[in-house]
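Undergrad: I would like the atomic coordinates for the input below:
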Amino acid sequence: MTAKKEYLIWGGLFLALASFAIYSRIWVTEDAYISFRYIENLFSGNGLVFNRGDRVEGFTHPLWLFLLILLRTVGIDAHQGGILLGFLLSLSGIALAIRWKSKSS
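TA: Numbering: from 1, shown residues only. Alright, predicted model coming up:
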């Protein structure tokens, strides 16, 4: 078996195990619920605010918030979208690390 095939097999196995580990430990922290409230207020017509009428930026991660807004625009709930994005981005990072390792050896 060639080294490339071996890396693909081990990389795929590792990715499968990592998928299970990530999926089995999914949780959402309190900071995420702040973002969810901003998103729900935006889609309720109140603007990107935490409290109606208060124009204060209270979210700490604009890129993540805007990605969740995009998912909410296509009909995916913000809570489920946050879990989905976290899962997909975690797996993407692992896959990139495996690919980088296979190219360097």
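
Undergrad: what is the rounded mean pLDDT of the top helix by length along the chain?
TA: For the chain, the helix with the greatest residue count under DSSP state H is helix 78-104. Average pLDDT, helix 78-104: 84.

Undergrad: Could you list every helix and strand that the lowest-mean-pLDDT helix or strand in the chain packs against?
TA: The weakest-scoring helix or strand in the chain, judged by mean pLDDT, DSSP states H and E, is helix 3-24 (a mean of 79). If contacts are counted by 3 or more CB pairs under 8 Å, 6 or more residues apart in numbering; DSSP states H and E, helix 3-24 sits against helix 78-104. C-betas here are computed from N, CA, C, even on glycine.

Undergrad: Okay, buried residues for the helix it packs on please.
TA: Neighbour counts using 16 or more other CB atoms under 10 Å place 78, 81, 82, 83, 85, 86, 94, 98 of helix 78-104 among the buried residues.

Undergrad: Just the buried positions in the helix or strand harbouring residue 64, please.
TA: Using DSSP states H and E, residue 64 falls within helix 62-73. By 16+ other CB under 10 Å, the buried positions in helix 62-73 come out as 64, 65, 68, 69, 71, 72.

Undergrad: picking that back up, please compute how far the longest helix of the chain lies from its chain's middle.
TA: For helix 78-104, the separation from the chain centroid amounts to 8 Å (computed by CA atoms, centre = their mean, to the nearest Å).

Undergrad: how big is the angle separating that helix from helix 62-73?
TA: Using axes from the mean of the first three to the mean of the last three CA atoms, to 10 degrees, the direction of helix 78-104 lies 120 degrees away from that of helix 62-73.

Undergrad: hmm, back to that, quick check, nearest of the buried residues of helix 62-73 to residue 43?
TA: Of all the buried residues of helix 62-73, residue 43 sits closest to residue 72, with 6.3 Å by CB to CB.

Undergrad: The closest one: what's it in contact with?
TA: By CB atoms under 8 Å, 6 or more residues apart in numbering, residue 72 lies in contact with 39, 43, 78, 81.

Undergrad: repeat for residue 6
TA: By CB under 8 Å, 6+ apart, the contact list for residue 6 is empty.
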